[in-house]
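> test case, fold it:
(one chain, ligands or ions: 1)
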Amino acid sequence: MTARRVVVIGHGMAGARLAGELRRHDPVAERVAVTVVGDEPHAAYNRVLLSGVLAGSLDLDAVRMQETDQRVDLRLGIAVTSVDRNERRVRLADDTAVDYDALVLATGARPWLPDVDGLLTEHGTLAAGVSAFRSRDDCARIVAGARPGVPVVVLGGGLLGLEAARGLAGRGCLVTVVHPNGHILDRQVDPAGGHLLRRVLERLGIEFRVGATAVRYLSGDGLKLADGGHVPGELLVVSAGVRAETGLARAAGLAVDRGVLVDDALRTNDPRVHAIGDCAQHASTDAGLVQPAFDQAAVLAARLTGADPAARYRGTPAVTRLKARDVDLASMGDVHLDPAGDHPPGVEVICVQDSTRGRYGKLVLRDDRVVGAILLGLPDAAANIIQFFDSQTPVPGDRLGLLLGRALPAEQSVGSSPAALPDNALICRCNTVEKARLVAAWQDGARDIPAMATATRATTGCSSCRNTVTDIMNWLASEQPA
Ligand SMILES: Cc1cc2nc3c(=O)[nH]c(=O)nc-3n(C[C@H](O)[C@H](O)[C@H](O)COP(=O)(O)OP(=O)(O)OC[C@H]3O[C@@H](n4cnc5c(N)ncnc54)[C@H](O)[C@@H]3O)c2cc1C
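Purely as a prediction, here's the structure:
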């Protein structure tokens, strides 16, 4: 039997994971011959961990992904320049070409630069002092300039901007976040939550200009605002959002909206061409997170290898966590309903706020199920509420107690004891690792985080489950269950 030729464009998180999954289903390359072309020169790395590198808690060598590239024809440091769908061939920047039977676009997203004078040189490259925050190289450039006492402007108060700001403030930089909208993190939290989060971050030394429009950056000096204000910044980190990398797909005549349009089989409008990760647009998922990228890689690998030709991608319920030291924030689902508004029958919105201690909780329920939540400074409540969100089981009658982490007796509270977690509790969302799998890995001898990561992949995505995995291992060590 001739192996099917699968060509993957992009060796980022989705592309590398797909190659690993293809080899997991087909270890000796009998069914699929895999070629991956990536324009970054490095081995695949975990982009999510770059926030930790910026904060100084990880070094760049620690972000390498653990996917296998055995029996994969890897072409790194070289871009695909065009796709010829009639010939079923991709052309590379070195004038070579690779033929495919199935093509996968995993080209990710690129940072979006707002229309601000002075960000680019006349040659279209970033001006001196300006950096995006997407790649290993961006991260290394920012770290090189981030000396204590250096004024830094972060343009954009979304998740990545705030993670960058917290990391740089932790390095002793004088950080100001400039955000165009009315409150920071406006996609993930409501105005009250954004206001409180801002206070928490201000206490950690970060300054904010919200509702501010940047008009001009002067290298080495700072950012001029539309209201006439000036924010000093020897370094400017632009974190104003990303745009799906769809250039190749558009040029090849594939259907593109915000991203490359795909169906539940992750097929584009050409059944031989697929798209996954940040470049793809699926009806039920917002791109931009690693969990959908990994879920999509798993579904597509099952289809392409024939392990499960009927596998379908049905969307990924998103939980976002801010990875910033001393700040505990989780947000999930629909969070923008106004607690004081009129809601349809069955919908409840409950809020608690403790401004002095920087705690805020919002719970949105539909028919007793969690459909949205914001949890700032409430880690025990967050642990329980995420479980209710994932399992879609009805919450207890004491809603307020749930928001305070007190509605469940201690032995049932996930926040207080891992013993209370059901076996099917999702611990590592990025890799869909349930508690039962961690327990099994422990029983097979995995006794520390690296061993758990090798056995189950837990902690190798966004790594926000690291503490829970550690708690589970500590609980297992103390209980020694049969
Ligand atoms: C600092 C940071 C922190 C993040 N934190 C989180 C988090 O906590 N949780 C979370 O869920 N997500 C997080 N994300 C988002 C997450 O990293 C992305 O969702 C994920 O990387 C998407 O994977 P991808 O493979 O689609 O894209 P990418 O990882 O960007 O990979 C795409 C690759 O394709 C390459 N490429 C593009 N065009 C071509 C071409 N023509 N030829 C060859 N190669 C090409 C690109 O250079 C790149 O290497 C974070 C991102 C960043 C930058």
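
> only C-alpha atoms from now on, for both contacts and neighbour counts.
Fine.

> so where's the protein uncertain?
Segments of the chain classed as low confidence (criterion: pLDDT under 70) are 407-416, 480-482.

> by contact count, what packs against the host helix or strand of residue 51?
Assigned by DSSP states H and E, residue 51 falls within helix 50-55. With contacts defined as 3 or more CA pairs under 8 Å, 6 or more residues apart in numbering; DSSP states H and E, helix 50-55 has these neighbours: helix 136-145, helix 159-170.

> wait, which of these is closest to residue 382?
With CA to CA as the measure, helix 159-170 is the member of these nearest residue 382 (17.9 Å).

> which residues sit against the helix holding residue 51?
The set of residues that contact helix 50-55 without belonging to it, under CA atoms under 8 Å, 6 or more residues apart in numbering, is 58-60, 63, 135-136, 139, 142-143, 160, 163-164, 166-168, 170-171, 323.

> re earlier: out of the helices and strands packed on helix 50-55, flag the one nearest residue 271.
Proximity to residue 271 (CA to CA) singles out helix 136-145 among those, at 33.5 Å.

> contacts for that closest one?
With CA under 8 Å, 6+ apart as the criterion, helix 136-145 contacts 47, 50, 53, 54, 60, 131, 132, 133, 235, 237.

> enumerate the residues of the stretch 1-150 of the chain near the ligand.
When proximity is defined by CA under 6 Å from any ligand atom, the stretch 1-150 of the chain lies next to the ligand at 9-15, 37-40, 47-48, 50-51, 79-81, 106-109, 133-134.

> which of those residues are buried? Put it as a PyMOL command.
Buried subset of these, written as a PyMOL selection, criterion 16 or more other CA atoms under 10 Å:
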select buried, resi 9+10+11+12+13+14+15+37+38+39+40+47+48+50+51+79+80+106+107+108+109+133+134
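
> restricted to helices, list the residues of the stretch 1-150 of the chain next to the ligand.
Using DSSP state H, 13, 14, 15, 50, 51 are the members of these that sit in helices.

> what is the most widely separated pair among those?
When these are compared pair by pair using CA to CA, the two farthest from each other are 15 and 51, 20.8 Å apart.

> the residue most central in space within the chain - nearest residue in space that isn't next to it in sequence?
With distances taken as CA atoms, centre = their mean, the residue of the chain nearest its centroid is residue 289 (3.4 Å). By the measure of CA to CA, 6 or more residues apart in numbering, the closest residue to residue 289 outside its immediate chain neighbours is residue 278, 7.3 Å from it.

> helix or strand: which one has residue 427?
Assessed by DSSP H and E, residue 427 sits inside strand 426-428.

> who are the packing partners of that strand?
With contacts defined as 3+ CA pairs under 8 Å, 6+ apart, strand 426-428 has these neighbours: strand 433-434.

> how near is the residue lying closest to residue 422 once chain neighbours are set aside to the ligand?
Closest residue to residue 422 in three dimensions, ignoring its sequence neighbours and counting by CA to CA, 6+ apart: residue 435, at 7.4 Å. Counting by CA to the nearest ligand atom, to the nearest Å, the gap from residue 435 to the ligand is 20 Å.

> then residue 284?
In this view, residue 284 and the ligand are 16 Å apart by CA to the nearest ligand atom.

> report how many residues lie close to the nearest residue to that residue once chain neighbours are set aside.
Using CA to CA, 6+ apart and skipping residues adjacent in sequence, the residue nearest residue 284 is residue 315, 5.1 Å away. Other residues near residue 315 number 15, with proximity taken as other CA atoms under 10 Å.

> show me what contacts residue 315?
For residue 315, the contacting residues are 282, 283, 284, 285, 292, by CA under 8 Å, 6+ apart.

> ok, now residue 242?
For residue 242, the set of contacting residues under the criterion of CA under 8 Å, 6+ apart consists of 109, 110, 111, 112.

> please name the nearest non-neighbouring residue to it.
In space, residue 242 comes closest to residue 111 once its chain neighbours are excluded; the distance is 4.3 Å by CA to CA, 6+ apart.

> so the one you found touches residue 278, yeah?
No - here residue 111 does not reach residue 278: they are 11.7 Å apart, not a contact under CA atoms under 8 Å.

> distance between stretch 147-166 and the chain's centre?
Taking CA atoms, centre = their mean, to the nearest Å, the mean C-alpha location of stretch 147-166 is offset from the chain mean by 18 Å.

> report all helices and strands that the longest helix along the chain contacts.
Among the elements of type helix in the chain, defined by DSSP H, the one spanning the most residues is helix 290-305. In terms of contacts (3+ CA pairs under 8 Å, 6+ apart), helix 290-305 is packed against helix 13-25.

> got the contact list for the helix it packs on?
For helix 13-25, using CA under 8 Å, 6+ apart, the contacting residues are 8-10, 29, 32, 34, 36, 44-47, 65, 67-72, 106, 108, 276-277, 290, 293-294, 297-298, 300-302, 304-305, 307.

> quick check, residue 90 in a strand?
Yes - in this structure, residue 90 lies within a strand as judged by DSSP: H, G, I helix; E, B strand; the rest coil.

> so how far is residue 285 from the residue nearest to it when sequence neighbours are not counted?
Closest residue to residue 90 in three dimensions, ignoring its sequence neighbours and counting by CA to CA, 6+ apart: residue 83, at 4.5 Å. Counting by CA to CA, to the nearest Å, the gap from residue 83 to residue 285 is 26 Å.

> higher neighbour count, those two?
Neighbours were tallied for residue 83 and for residue 285 using other CA under 10 Å; the higher tally belongs to residue 83 (22 against 16).

> the more buried one contacts residue 91, correct?
Yes - because the distance of 6.5 Å satisfies CA under 8 Å, residue 83 is recorded as touching residue 91.

> picking that back up, possible to save the helices and strands packed on helix 50-55 as JSON lines with mean neighbour count and distance to residue 21?
JSON lines is the format used below for the helices and strands packed on helix 50-55 (neighbours: other CA atoms under 10 Å; distance: least, CA to CA, whole Å):
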{"stretch": "helix 136-145", "mean neighbour count": "16", "distance to residue 21": "24"}
{"stretch": "helix 159-170", "mean neighbour count": "25", "distance to residue 21": "28"}
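
> now residue 379: how far from the ligand?
Using CA to the nearest ligand atom, one gets 17 Å for the distance from residue 379 to the ligand.

> need the nearest residue in space to that residue, chain neighbours excluded.
Nearest residue to residue 379 in three dimensions, chain neighbours excluded: residue 328, at 6.6 Å (CA to CA, 6+ apart).

> what sits against the one you found?
For residue 328, the contacting residues are 321, 322, 375, 376, 377, 378, 379, by CA under 8 Å, 6+ apart.

> next, count neighbours for the second one.
A count of nearby residues for residue 322, using other CA under 10 Å, gives 18.

> how close does it sit to residue 189?
Summarising the geometry, the distance separating residue 322 from residue 189, computed by CA to CA, is 11 Å.

> next, count neighbours for residue 455.
Applying other CA under 10 Å, we find 17 residues neighbouring residue 455.

> next: residue 200.
The tally of other residues near residue 200 (other CA under 10 Å) stands at 21.

> please apply the same query to residue 367.
Neighbourhood size, residue 367 [other CA under 10 Å]: 12.

> just residue 307 next, same as before
Around residue 307 there are 14 other residues, counting by other CA under 10 Å.

> same question, residue 185
The burial metric for residue 185, expressed as a neighbour count using other CA under 10 Å, is 24.

> what sits against it?
Under the criterion of CA under 8 Å, 6+ apart, the contact list for residue 185 reads 157, 158, 159, 194.

> so the third one sits against residue 322, correct?
Meaning residue 159. Yes - judged on CA under 8 Å, residue 159 makes contact with residue 322 at a distance of 6.4 Å.
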